[in-house]
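Peer 1: got a sequence here, can you model it:
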Amino acid sequence: MNPKRAPQPDPSATSSQQDLLQYIQGGQIPFFRLPVVDPIAGLEADAVLMGVPYDGGTTYQPGARLGPYHVRRVSALVQPYHPVHRVDVFRRLRAVDGGNVVVPPFHAGAMRERVQAAVRQVVELGAAPVLVGGDHSITIPALRALARVHGPVALVHVDAHFDTSDGALWGEAYHHGTPVRHALLEGLVAEHQLYQIGLRGAWKDESEADLAAGYGAHHVSADRVEEAGIGSVMDEIRAGIGDCPVYLSFDIDAVDPAFAPGTGTPVPGGLSSREALQLVRGLAGLNVVGLDLVEVAPPMDHADVTSLLAAHLVYEGLALLACRDRAQP
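Peer 2: Numbers count the residues shown, from 1 in each chain. A predicted model of the protein is given here:
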(Lines give C-alpha, C1' and ligand atoms only; values in the text may rest on other atoms or scores of the structure.)
Protein backbone atom coordinates (compact mmCIF):
# COMPACT_ATOMS: atom_id res chain seq x y z
CA MET A 1 0.00 0.00 0.00
CA ASN A 2 1.38 3.38 -0.92
CA PRO A 3 2.40 5.61 2.00
CA LYS A 4 0.55 8.81 2.70
CA ARG A 5 1.97 11.77 0.85
CA ALA A 6 0.80 15.17 -0.21
CA PRO A 7 -0.83 15.70 -3.61
CA GLN A 8 1.69 16.62 -6.28
CA PRO A 9 1.31 20.28 -7.32
CA ASP A 10 0.57 21.39 -10.82
CA PRO A 11 3.80 23.07 -11.97
CA SER A 12 1.81 25.63 -13.97
CA ALA A 13 -0.21 26.77 -10.95
CA THR A 14 0.71 29.65 -8.67
CA SER A 15 1.60 29.00 -5.04
CA SER A 16 -1.88 30.00 -3.82
CA GLN A 17 -3.53 27.82 -6.48
CA GLN A 18 -1.35 24.87 -5.45
CA ASP A 19 -2.40 25.30 -1.82
CA LEU A 20 -6.07 25.39 -2.81
CA LEU A 21 -5.80 22.28 -5.01
CA GLN A 22 -3.96 20.39 -2.26
CA TYR A 23 -6.68 21.29 0.25
CA ILE A 24 -9.49 20.28 -2.10
CA GLN A 25 -7.83 17.01 -3.00
CA GLY A 26 -6.59 15.96 0.41
CA GLY A 27 -8.91 17.49 2.96
CA GLN A 28 -7.74 17.19 6.56
CA ILE A 29 -9.11 13.93 7.98
CA PRO A 30 -9.23 10.57 6.16
CA PHE A 31 -12.37 8.48 5.93
CA PHE A 32 -12.49 5.95 8.81
CA ARG A 33 -8.84 6.68 9.72
CA LEU A 34 -7.78 4.85 6.54
CA PRO A 35 -4.51 5.43 4.71
CA VAL A 36 -4.60 8.37 2.30
CA VAL A 37 -3.06 7.54 -1.07
CA ASP A 38 -2.04 9.70 -3.97
CA PRO A 39 -1.67 8.76 -6.72
CA ILE A 40 -3.82 5.62 -6.78
CA ALA A 41 -2.16 4.31 -9.97
CA GLY A 42 -0.74 0.84 -9.35
CA LEU A 43 -2.47 0.58 -5.99
CA GLU A 44 -3.74 -2.80 -4.79
CA ALA A 45 -7.08 -2.07 -3.18
CA ASP A 46 -10.60 -3.43 -2.97
CA ALA A 47 -12.31 -0.07 -2.41
CA VAL A 48 -11.28 3.54 -2.90
CA LEU A 49 -13.24 6.25 -1.09
CA MET A 50 -13.32 9.65 -2.76
CA GLY A 51 -15.02 12.88 -1.85
CA VAL A 52 -16.68 15.00 -4.50
CA PRO A 53 -17.06 18.53 -3.03
CA TYR A 54 -19.52 19.81 -5.62
CA ASP A 55 -23.03 21.24 -5.27
CA GLY A 56 -23.38 23.22 -8.49
CA GLY A 57 -26.30 20.96 -9.43
CA THR A 58 -28.53 21.87 -6.49
CA THR A 59 -31.85 23.57 -7.14
CA TYR A 60 -32.85 24.62 -3.62
CA GLN A 61 -30.42 24.90 -0.70
CA PRO A 62 -26.68 24.47 -1.46
CA GLY A 63 -24.09 23.20 0.98
CA ALA A 64 -23.47 19.62 -0.13
CA ARG A 65 -19.97 20.57 -1.30
CA LEU A 66 -19.06 20.52 2.41
CA GLY A 67 -20.33 16.97 2.84
CA PRO A 68 -17.06 15.11 2.21
CA TYR A 69 -15.17 17.06 4.86
CA HIS A 70 -17.76 16.54 7.59
CA VAL A 71 -18.45 12.89 6.77
CA ARG A 72 -14.71 12.27 6.90
CA ARG A 73 -14.47 14.05 10.25
CA VAL A 74 -17.21 12.07 12.02
CA SER A 75 -16.28 8.76 10.36
CA ALA A 76 -13.27 8.65 12.68
CA LEU A 77 -15.72 7.50 15.38
CA VAL A 78 -16.78 4.35 13.51
CA GLN A 79 -15.23 1.12 14.74
CA PRO A 80 -14.20 -1.64 12.28
CA TYR A 81 -16.03 -4.79 13.42
CA HIS A 82 -19.52 -5.29 11.99
CA PRO A 83 -21.79 -6.91 14.60
CA VAL A 84 -24.30 -8.34 12.09
CA HIS A 85 -22.04 -9.51 9.27
CA ARG A 86 -19.48 -10.67 11.85
CA VAL A 87 -16.52 -9.31 9.94
CA ASP A 88 -13.76 -6.80 10.63
CA VAL A 89 -14.52 -4.62 7.63
CA PHE A 90 -11.16 -2.93 7.30
CA ARG A 91 -9.16 -6.09 7.96
CA ARG A 92 -11.05 -8.03 5.30
CA LEU A 93 -11.38 -5.13 2.83
CA ARG A 94 -8.36 -3.27 1.49
CA ALA A 95 -9.87 0.20 1.60
CA VAL A 96 -8.11 3.54 1.20
CA ASP A 97 -9.01 7.22 1.07
CA GLY A 98 -8.22 8.45 -2.42
CA GLY A 99 -8.74 12.10 -1.49
CA ASN A 100 -11.20 14.38 -3.21
CA VAL A 101 -11.87 14.59 -6.91
CA VAL A 102 -10.71 18.11 -7.73
CA VAL A 103 -13.71 19.70 -9.39
CA PRO A 104 -14.40 23.35 -10.25
CA PRO A 105 -17.42 24.59 -8.27
CA PHE A 106 -19.12 26.33 -11.20
CA HIS A 107 -18.47 24.03 -14.18
CA ALA A 108 -20.82 21.06 -14.33
CA GLY A 109 -19.26 19.61 -17.48
CA ALA A 110 -15.77 19.62 -15.99
CA MET A 111 -17.11 17.97 -12.85
CA ARG A 112 -18.61 15.13 -14.86
CA GLU A 113 -15.42 14.63 -16.84
CA ARG A 114 -13.24 14.49 -13.74
CA VAL A 115 -15.53 12.23 -11.73
CA GLN A 116 -15.85 9.84 -14.67
CA ALA A 117 -12.06 9.75 -15.11
CA ALA A 118 -11.47 9.19 -11.40
CA VAL A 119 -14.04 6.39 -11.15
CA ARG A 120 -12.76 4.74 -14.30
CA GLN A 121 -9.24 4.72 -12.85
CA VAL A 122 -10.50 3.05 -9.68
CA VAL A 123 -12.54 0.45 -11.57
CA GLU A 124 -9.65 -0.37 -13.87
CA LEU A 125 -7.59 -1.14 -10.76
CA GLY A 126 -10.17 -3.78 -9.92
CA ALA A 127 -11.48 -1.77 -6.97
CA ALA A 128 -14.94 -0.48 -6.12
CA PRO A 129 -15.47 3.30 -6.11
CA VAL A 130 -17.15 4.73 -3.01
CA LEU A 131 -18.12 8.36 -3.57
CA VAL A 132 -19.21 10.84 -0.94
CA GLY A 133 -20.83 13.95 -2.38
CA GLY A 134 -21.68 16.50 -3.18
CA ASP A 135 -25.02 16.64 -4.89
CA HIS A 136 -26.70 13.84 -6.83
CA SER A 137 -25.43 15.01 -10.21
CA ILE A 138 -22.15 13.21 -9.41
CA THR A 139 -23.87 9.85 -9.95
CA ILE A 140 -24.21 9.94 -13.73
CA PRO A 141 -20.45 10.18 -14.49
CA ALA A 142 -19.81 7.40 -11.99
CA LEU A 143 -22.33 5.15 -13.76
CA ARG A 144 -20.81 5.97 -17.13
CA ALA A 145 -17.38 4.86 -15.92
CA LEU A 146 -18.73 1.68 -14.35
CA ALA A 147 -20.69 0.73 -17.46
CA ARG A 148 -17.51 0.75 -19.55
CA VAL A 149 -16.19 -2.11 -17.42
CA HIS A 150 -19.26 -3.88 -16.01
CA GLY A 151 -21.88 -3.06 -18.61
CA PRO A 152 -25.36 -1.98 -17.50
CA VAL A 153 -25.89 -2.40 -13.76
CA ALA A 154 -28.73 -2.86 -11.34
CA LEU A 155 -29.28 0.57 -9.81
CA VAL A 156 -30.56 0.70 -6.25
CA HIS A 157 -31.60 4.33 -5.97
CA VAL A 158 -32.59 5.39 -2.46
CA ASP A 159 -34.23 8.81 -2.61
CA ALA A 160 -37.30 10.85 -1.80
CA HIS A 161 -37.45 11.86 -5.48
CA PHE A 162 -37.57 10.07 -8.85
CA ASP A 163 -34.60 12.10 -10.21
CA THR A 164 -35.97 11.78 -13.74
CA SER A 165 -36.44 15.50 -14.37
CA ASP A 166 -35.23 17.17 -17.55
CA GLY A 167 -33.71 20.59 -18.12
CA ALA A 168 -36.96 22.37 -18.99
CA LEU A 169 -37.47 24.11 -15.66
CA TRP A 170 -33.93 25.23 -14.81
CA GLY A 171 -32.40 25.42 -18.29
CA GLU A 172 -29.74 22.85 -17.37
CA ALA A 173 -29.97 19.23 -18.51
CA TYR A 174 -27.68 17.97 -15.75
CA HIS A 175 -28.56 18.78 -12.17
CA HIS A 176 -29.27 16.81 -9.02
CA GLY A 177 -32.79 15.96 -10.17
CA THR A 178 -31.74 14.33 -13.46
CA PRO A 179 -29.26 11.47 -12.92
CA VAL A 180 -31.76 8.62 -13.22
CA ARG A 181 -33.20 10.09 -16.44
CA HIS A 182 -29.76 10.14 -18.05
CA ALA A 183 -28.85 6.70 -16.72
CA LEU A 184 -31.98 5.19 -18.28
CA LEU A 185 -31.73 7.04 -21.60
CA GLU A 186 -28.02 6.14 -21.94
CA GLY A 187 -28.60 2.45 -21.25
CA LEU A 188 -26.49 2.41 -18.09
CA VAL A 189 -29.16 0.50 -16.13
CA ALA A 190 -29.85 -3.14 -16.94
CA GLU A 191 -33.34 -4.02 -18.15
CA HIS A 192 -35.90 -3.99 -15.31
CA GLN A 193 -33.11 -3.39 -12.80
CA LEU A 194 -33.94 0.04 -11.42
CA TYR A 195 -35.07 -0.08 -7.78
CA GLN A 196 -36.22 3.25 -6.34
CA ILE A 197 -36.80 3.18 -2.60
CA GLY A 198 -38.10 5.88 -0.26
CA LEU A 199 -40.18 7.78 -2.79
CA ARG A 200 -42.76 10.14 -1.35
CA GLY A 201 -44.20 13.62 -1.48
CA ALA A 202 -46.05 15.55 -4.17
CA TRP A 203 -45.34 15.02 -7.87
CA LYS A 204 -44.75 17.80 -10.36
CA ASP A 205 -47.56 16.38 -12.53
CA GLU A 206 -49.42 13.14 -13.24
CA SER A 207 -46.62 11.80 -15.44
CA GLU A 208 -43.87 12.07 -12.82
CA ALA A 209 -43.41 8.30 -12.52
CA ASP A 210 -43.88 7.44 -16.20
CA LEU A 211 -40.29 7.56 -17.49
CA ALA A 212 -38.90 5.15 -14.91
CA ALA A 213 -41.99 2.94 -15.07
CA GLY A 214 -41.54 2.68 -18.82
CA TYR A 215 -38.14 1.09 -18.21
CA GLY A 216 -39.59 -1.45 -15.80
CA ALA A 217 -38.54 0.31 -12.60
CA HIS A 218 -39.54 -1.08 -9.25
CA HIS A 219 -40.97 1.72 -7.10
CA VAL A 220 -41.00 1.30 -3.34
CA SER A 221 -42.54 4.23 -1.51
CA ALA A 222 -41.67 5.15 2.05
CA ASP A 223 -45.23 4.13 2.98
CA ARG A 224 -44.69 0.66 1.54
CA VAL A 225 -41.47 0.29 3.53
CA GLU A 226 -43.47 0.99 6.68
CA GLU A 227 -46.30 -1.35 5.71
CA ALA A 228 -44.25 -4.29 4.46
CA GLY A 229 -41.15 -3.83 6.59
CA ILE A 230 -37.68 -3.10 5.28
CA GLY A 231 -36.64 -6.76 5.62
CA SER A 232 -39.40 -7.95 3.30
CA VAL A 233 -38.65 -5.18 0.79
CA MET A 234 -34.97 -6.08 0.67
CA ASP A 235 -35.73 -9.80 0.29
CA GLU A 236 -37.70 -8.95 -2.87
CA ILE A 237 -34.97 -6.68 -4.20
CA ARG A 238 -32.20 -9.22 -3.63
CA ALA A 239 -34.24 -11.88 -5.43
CA GLY A 240 -34.89 -9.53 -8.35
CA ILE A 241 -31.26 -8.50 -8.77
CA GLY A 242 -29.72 -11.96 -8.63
CA ASP A 243 -26.22 -11.99 -10.14
CA CYS A 244 -26.40 -8.57 -11.82
CA PRO A 245 -23.67 -6.11 -10.78
CA VAL A 246 -25.15 -3.51 -8.43
CA TYR A 247 -24.55 0.18 -7.90
CA LEU A 248 -26.07 1.78 -4.81
CA SER A 249 -26.86 5.50 -4.95
CA PHE A 250 -28.11 6.77 -1.60
CA ASP A 251 -29.51 10.29 -1.37
CA ILE A 252 -29.66 11.22 2.30
CA ASP A 253 -33.01 12.96 1.70
CA ALA A 254 -34.56 9.48 1.51
CA VAL A 255 -34.32 9.63 5.29
CA ASP A 256 -36.93 11.63 7.19
CA PRO A 257 -35.62 15.10 8.12
CA ALA A 258 -36.28 14.22 11.76
CA PHE A 259 -33.28 11.89 11.44
CA ALA A 260 -31.35 13.72 8.69
CA PRO A 261 -32.06 17.47 8.67
CA GLY A 262 -28.81 18.31 6.90
CA THR A 263 -29.88 18.13 3.28
CA GLY A 264 -30.91 20.63 0.67
CA THR A 265 -34.29 19.18 -0.36
CA PRO A 266 -35.87 17.62 2.76
CA VAL A 267 -39.22 15.84 2.45
CA PRO A 268 -41.25 14.77 5.51
CA GLY A 269 -42.38 11.18 5.90
CA GLY A 270 -39.16 9.39 5.03
CA LEU A 271 -37.20 6.40 6.21
CA SER A 272 -35.97 6.22 9.77
CA SER A 273 -32.23 6.02 10.36
CA ARG A 274 -32.67 2.40 11.44
CA GLU A 275 -34.54 1.54 8.23
CA ALA A 276 -31.83 3.26 6.18
CA LEU A 277 -29.07 1.21 7.80
CA GLN A 278 -31.07 -2.01 7.42
CA LEU A 279 -31.73 -1.18 3.78
CA VAL A 280 -28.04 -1.05 2.93
CA ARG A 281 -27.34 -4.08 5.10
CA GLY A 282 -30.05 -5.93 3.17
CA LEU A 283 -27.96 -5.84 -0.03
CA ALA A 284 -25.43 -8.26 1.48
CA GLY A 285 -24.54 -11.15 -0.78
CA LEU A 286 -25.03 -9.19 -4.01
CA ASN A 287 -22.29 -8.22 -6.45
CA VAL A 288 -21.96 -4.59 -5.37
CA VAL A 289 -19.49 -2.85 -7.68
CA GLY A 290 -19.72 0.70 -6.33
CA LEU A 291 -21.79 3.18 -4.38
CA ASP A 292 -22.32 6.81 -3.57
CA LEU A 293 -23.76 8.76 -0.66
CA VAL A 294 -24.94 12.21 -1.68
CA GLU A 295 -26.76 15.39 -0.65
CA VAL A 296 -25.41 15.76 2.89
CA ALA A 297 -25.49 19.53 3.46
CA PRO A 298 -23.75 20.29 6.78
CA PRO A 299 -24.94 23.93 6.97
CA MET A 300 -28.47 22.58 7.51
CA ASP A 301 -27.37 19.84 9.92
CA HIS A 302 -27.75 19.82 13.70
CA ALA A 303 -25.21 18.28 16.08
CA ASP A 304 -23.74 16.24 13.19
CA VAL A 305 -26.72 13.88 13.15
CA THR A 306 -26.88 13.77 9.34
CA SER A 307 -23.13 13.46 8.88
CA LEU A 308 -23.01 10.69 11.49
CA LEU A 309 -25.77 8.77 9.72
CA ALA A 310 -24.01 9.29 6.40
CA ALA A 311 -20.74 7.94 7.78
CA HIS A 312 -22.49 4.84 9.11
CA LEU A 313 -24.27 4.31 5.78
CA VAL A 314 -20.93 4.46 3.98
CA TYR A 315 -19.56 2.00 6.53
CA GLU A 316 -22.50 -0.31 5.79
CA GLY A 317 -21.66 -0.01 2.10
CA LEU A 318 -18.05 -0.96 2.78
CA ALA A 319 -19.29 -3.92 4.79
CA LEU A 320 -21.21 -5.06 1.70
CA LEU A 321 -17.98 -5.01 -0.26
CA ALA A 322 -16.22 -6.92 2.50
CA CYS A 323 -18.95 -9.58 2.36
CA ARG A 324 -19.26 -9.92 -1.42
CA ASP A 325 -17.76 -13.39 -1.46
CA ARG A 326 -19.61 -14.61 1.60
CA ALA A 327 -23.06 -16.11 1.89
CA GLN A 328 -25.86 -13.93 3.17
CA PRO A 329 -25.63 -14.04 7.00
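
Peer 1: any low-confidence regions in the protein?
Peer 2: 1-28, 325-329 (pLDDT under 70).

Peer 1: now with 80?
Peer 2: 1-28, 168-171, 325-329 (pLDDT under 80).

Peer 1: relative to Pro266, how far out is Ala160?
Peer 2: 8 Å (CB to CB, to the nearest Å). The way it works is simple: take the backbone N, C-alpha and C, and place the C-beta from them, glycine included.

Peer 1: just want to know which of the two has more residues nearby.
Peer 2: Ala160 (27 against 23; other CB atoms under 10 Å).

Peer 1: nearest residue to that one in space, ignoring adjacent ones along the chain?
Peer 2: Excluding the flanking residues, the one nearest Ala160 by CB to CB, 6 or more residues apart in numbering is Val267, at 4.1 Å.

Peer 1: same question for Val78.
Peer 2: In space, Val78 is closest to Tyr315, 5.0 Å off (CB to CB, 6+ apart).

Peer 1: now the one you found, what's its secondary structure?
Peer 2: helix (DSSP: H, G, I helix; E, B strand; the rest coil).

Peer 1: now name the helix or strand holding Tyr247.
Peer 2: Under the criterion of DSSP states H and E, Tyr247 resides in strand 246-251.

Peer 1: partners of that strand in the sheet?
Peer 2: strand 153-158 (parallel), strand 288-294 (parallel) (DSSP bridges).

Peer 1: ok, residues contacting it?
Peer 2: With contacts defined as CB atoms under 8 Å, 6 or more residues apart in numbering, strand 246-251 is touched by 136, 139, 142-143, 146, 153-161, 163, 179, 263, 276, 280, 283, 286-295, 313, 317, 320.

Peer 1: just send the strands paired with strand 246-251 back as a markdown table, with distance to Val119 and mean neighbour count too.
Peer 2: As requested, these are exported to a markdown table (distance: least, CB to CB, whole Å; neighbours: other CB atoms under 10 Å):
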| stretch | distance to Val119 | mean neighbour count |
| --- | --- | --- |
| strand 153-158 | 13 | 25 |
| strand 288-294 | 7 | 27 |
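
Peer 1: of the ones you listed, which approaches Asp97 most closely?
Peer 2: Asp97 sits nearest to strand 288-294 of all these, at 14.4 Å, using CB to CB.

Peer 1: which residues are in contact with that closest one?
Peer 2: 64, 67, 71, 119, 123, 128-136, 138-139, 142, 146, 150, 153, 176, 245-252, 310, 313-314, 317, 320-321, 324.

Peer 1: quick one: the helices in the stretch 51-200 of the chain?
Peer 2: 67-75, 89-92, 108-124, 139-150, 179-185 (DSSP state H, counting those that start in this stretch).

Peer 1: format these as JSON lines; extra columns: mean neighbour count and distance to Ala239.
Peer 2: Shown next, in JSON lines, are the helices of the stretch 51-200 of the chain (neighbours: other CB atoms under 10 Å; distance: least, CB to CB, whole Å):
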{"stretch": "helix 67-75", "mean neighbour count": "24", "distance to Ala239": "32"}
{"stretch": "helix 89-92", "mean neighbour count": "18", "distance to Ala239": "25"}
{"stretch": "helix 108-124", "mean neighbour count": "19", "distance to Ala239": "27"}
{"stretch": "helix 139-150", "mean neighbour count": "22", "distance to Ala239": "21"}
{"stretch": "helix 179-185", "mean neighbour count": "23", "distance to Ala239": "22"}
